[in-house]
Structure formats: structure tokens, C-alpha cells
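Novice: Just a sequence and a predicted model for now, questions to come.
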Amino acid sequence: MFPVDKIRADFPILKREVNGKPLVYFDNAATSQTPQVVIDAIVDYYSNSNANIHRGVHTLSQEATDLYEQARLKIQKHFNAKESYEIILTSGTTDGINMIASGFSDLLNTGDEIIVSALEHHSNIVPWQMLCEKTGAVLKVIPMLQNGTLNIEVYDALLSAKTKLVFCNHVSNALGTINPIKEIIKKAHKVGAAVLIDGAQATPHIKPDVQALDVDFYVASAHKICGPTGVGVLYGKSAWLEKLPPYQGGGEMIETVTFEKTTYAGLPHKFEAGTPNICGGIAFGVALDYMNAIGFEAIAAYEDELLQYGTKKLQEIEGLTIYGTSSKTAVISFNIEGIHPYDIGAILDKLGVAVRTGHHCAQPIMNFYNIPGTVRASFAFYNTKNEIDILIASVKRAAMMLR
Ligand SMILES: *Cc1c(COP(=O)(O)O)cnc(C)c1O
């Protein structure tokens, strides 16, 4: 049995009330909640070890540096990167994607092609549009199918010697679809293209092995994996990271500076200009420890139980449609006929249930289904079937009031 009661006790926020009702938090795909060990690590850092890193000879600076570099090793181990310097600490997924987009602006020429999937988050569409405008490269899109998966036949046809980059999320944040990234990566490599995978939505549920995937770049955010906001990871194969120019100039990323010429520091510092989110990086490492102690297989199995249970119960509600029905993580995106998703979300909030409504930063998906948005309930390993029962009862109540 999954020890969900014990786990819930680790999250102080789960004890609070919203609008006089116990909080039911089903907006985990937007951000996850924070366990006490991670909160403690943040308090402990500022109470005992706060100093700037990599520069000082004094004890505090060395302690902070050790903690920060230990966190990098934890992240390396978690993602199974070959080298610790292939782990770049970023401010989050968006930051990591922009770093690569900016780097490739030096490597692309007019007529080169970039392929993105139709299931992308805006943060994975806009930087490529900007890159295409700058370089004259052309953006191609892998279309989606009715069940929320990608049309791989069209992907096959889009790939050619012109393809330089392929960008795809591991899991769609709007629908929860798990994309066949291993196949996508293998096919891209056959034509010599590099692949960046957006793992923001996959990492709370799946432990990715970047070497087994043979992926060139993989990005994620700590705040979706029980860590703090404002920190994330960019994994890059060392050969690629050596080849790409630095993203920002500043302290930390240089080896020598004169007004005539600056030489850049080696990896990972070349991509980590300025004082980083030291505390956030350390807390990220603690969050990964916490989740690994529970185990990602156990987490995925329990969340799937919640998904199956919630799906079955929701489908019993008249006029309710669920979008994305393929193999997926614990996300249910739905609408009720004749009712705007926002109205359902507002009533659910009154009843203490936090869901997301709207386009989920993925307007192209909403356009595909010809809907303004959805209600999205996304589950985490600290949610319960009892909470799903509350969601169902609340959705029924909302539907009754709004019809
Ligand atoms: C949340 C999310 C992002 C953006 O993450 P930030 O932490 O806001 O940078 C990108 N892609 C997907 C799939 C997401 O779920």
C-alpha cells in the first residue's frame, strides 16, 4: 500500500483551509507543493550557510559552494548524466529552452528547419519562432491526433537533411500525453538533428535517463518536483555545450577578462553567469532526495490509480468530455457541455478545490479541439481518492448551478 497518509503529513500546506473548506490541491501540473524537508533546507541555508559561492576562501563561502556542488551531483545522478558539468543550473525550464534557442542562433542558416510538436507549452513555441525570425530557419509542426497524441507519420515525412533541431515535450502539460520521445530522438539523430526535450511535466512522474534516451538537451523546473520556484536544470551533452556560445556575460562565467579579450570559463560555469539561486539549487537537490526515497515507480503506480479512479468517476457526469485519452500521466483535462471552464473553476475554488482553467499555455491544442480552454485537474502522489470524491461532488454541484 502506498503510504499516502504518512506522505501528506510531510506537506504543511495540505492542512490549510480555503474558503472555509479543506484544501483539495489539484493544480500540481502548474506547481507542486513543498515538503517540510525542503522548507527546512531553505531555512537552514539562510540561517547557517548563506554566502556567495565559488569565490571566497572563507568557511561560509566554502560551505555554501560544497552544498551547491553536492546538489549538482544529486541532479546528475537523478538524470543519469555522464558528467556533472553537463548539468547547468538554470532559473527553470523556460530559461533552459531560451539558453539553447539563443545558442543555436549562431549555428542556423536560412532554410534550415526546426521541428516542434503541436503539443507544446508556449515557452516551447515562442523562442523557436523568435529564433526562426532571427536566422531565416523555418518552423515545422508535428500535428496532433484526436486522442491527444502526435502524428508520427507526419513527423517521419517532415524529417530531412534540412532538419537541424527537434523540440518536443516529454509529457504534455495540457493533456498529460506521454510522448514517444525515445523514438522521436532516434529518428532525429538519423538525419543529424539535435533534440531538446522539455521535461517540465514528465519529471514529477517519471525518472528520465538522459543517457539511455540519448537526448542532446533535457530541461526541467524544480518547482514541479517538490522543489522551490526559480531554479531548474538544463542537461546538455558535453559536446553540444562546448559548441554553443555562452548565453549571458557576467561574473562566474569567465576565466580571464581584459578590455581586449575575455576567455570563458569551462562547463558548467560558462552557462551560469552571475550569482545563481544558491539556496534554490540546494533545495532542488533535497527535493530530488525526498522523491527518490519514496520512489518514482511507486509514485507513478499510485498516481495512475488516482487517474483511473478519477477518469471513471468523471465520465459518469452527463455532458462531460475528457481531452487526451492515450497513455498519460495523472492529468484530466475536461469540459462540460454548454458551460465555460472558468465558471466551473470559480465554483470549485469556493468549495476549496484548486484546479486550473483556461488554455494552459497551450493555445494551439485548444484551437485543435475548437474550445476556449478546459478544466484541468492534475494529481500528485500526495492526493487521495477521497479528494477525488470531493472533486466529483463539487463538479456535479457546479454543473447543477450553471446549467
Ligand atoms: C511548466 C511548464 C513549462 C514552464 O516551466 P517554467 O518553470 O515556468 O519555466 C514548460 N513546459 C511544460 C511542459 C511545463 O509544464
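Specialist: Looks like it arrived, so ask away.

Novice: and the gap between the residue of the stretch 201-350 of the chain found nearest the ligand and residue 33?
Specialist: The ligand sits closest to residue 221 of the stretch 201-350 of the chain, with a gap of 3.3 Å, by Cβ to the nearest ligand atom. Glycine gets a C-beta too; all of them are placed from N, C-alpha and C. Distance of residue 221 to residue 33, computed by Cβ to Cβ, to the nearest Å: 14 Å.

Novice: higher neighbour count, those two?
Specialist: residue 221 (30 against 19; other Cβ atoms under 10 Å).

Novice: so what's the more buried one bridging to?
Specialist: residue 232 (DSSP bridges).

Novice: can you pull out the strands in the stretch 301-403 of the chain?
Specialist: 320-323, 331-336, 353-354, 356-358, 374-378 (DSSP state E, counting those that start in this stretch).

Novice: Pick the most deeply packed of those.
Specialist: Here the criterion is mean neighbour count by mean count of other Cβ atoms under 10 Å, and of these the winner is strand 374-378, at a mean of 28.

Novice: what helix or strand does residue 100 sit in?
Specialist: helix 93-104 (DSSP states H and E).

Novice: What strands flank the helix or strand just after that helix, and is each parallel or antiparallel?
Specialist: Moving toward the C-terminus from helix 93-104, the next helix or strand (DSSP H and E) is strand 113-117. Take DSSP bridges as the rule and strand 113-117 pairs in its sheet with strand 138-142 (parallel), strand 163-169 (parallel).

Novice: who's in contact with the helix or strand that strand 113-117 is followed by?
Specialist: Sequence-wise, the next helix or strand downstream of strand 113-117 (DSSP H and E) is helix 126-135. For helix 126-135, the surrounding residues in contact (Cβ atoms under 8 Å, 6 or more residues apart in numbering) are 97-98, 101, 104-105, 108-110, 112, 114, 116, 137-139, 165, 167.

Novice: on that earlier part again, same list (the strands paired with strand 113-117) but as a markdown table, adding distance to residue 258.
Specialist: Below are these laid out as a markdown table (distance: least, Cβ to Cβ, whole Å):
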| stretch | distance to residue 258 |
| --- | --- |
| strand 138-142 | 40 |
| strand 163-169 | 35 |
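
Novice: between these, which gets nearest to the ligand?
Specialist: So among the strands paired with strand 113-117, strand 163-169 is nearest, using Cβ to the nearest ligand atom, at 4.5 Å.

Novice: Now do that closest one: distance to the chain's middle.
Specialist: Taking the mean of its C-alpha atoms, strand 163-169 sits 17 Å from the chain's own mean (Cα atoms, centre = their mean, to the nearest Å).

Novice: how about the following helix or strand past that strand: buried residues?
Specialist: Later in the chain than strand 163-169, the nearest helix or strand by DSSP H and E is helix 181-190. Neighbour counts over helix 181-190 (16 or more other Cβ atoms under 10 Å) mark 181, 184, 185, 187, 188 as buried.

Novice: Pretty sure residue 231 sits against residue 282.
Specialist: No - Residue 231 is beyond contact range of residue 282, at 9.2 Å (criterion: Cβ atoms under 8 Å).

Novice: on that earlier part again, could you tell me which residues make contact with the residue of the stretch 201-350 of the chain closest to the ligand?
Specialist: 92, 93, 200, 229, 231, 232.

Novice: filter the contacts of helix 126-135 to the buried ones?
Specialist: 97-98, 101, 104-105, 108, 112, 114, 116, 137, 139, 165, 167.

Novice: ok, so of those, who is nearest residue 259?
Specialist: If you rank the buried ones among the contacts of helix 126-135 by distance to residue 259 using Cβ to Cβ, residue 105 comes first, at 25.7 Å.

Novice: which residue packs closest to the closest one, ignoring adjacent ones?
Specialist: residue 134 (5.2 Å; Cβ to Cβ, 6 or more residues apart in numbering).

Novice: can you give me phi and psi for residue 263?
Specialist: Taking degrees, to the nearest 10, you get phi -110, psi 140 for the backbone angles of residue 263.

Novice: any idea how far it lies from residue 243?
Specialist: Taken as Cβ to Cβ, the span from residue 263 to residue 243 is 16 Å.

Novice: Which one's more surrounded, the two?
Specialist: When residue 263 and residue 243 are compared for neighbours, residue 243 comes out ahead with 14 against 9, by other Cβ under 10 Å.

Novice: hmm, back to that, in CSV, list the strands paired with strand 113-117 along with mean pLDDT.
Specialist: Shown next, in CSV, are the strands paired with strand 113-117 (pLDDT from 0 to 100):
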stretch, mean pLDDT
strand 138-142, 95
strand 163-169, 96
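
Novice: what pLDDT does the residue of the stretch 201-350 of the chain closest to the ligand get?
Specialist: Here the pLDDT value assigned to residue 221 is 98.
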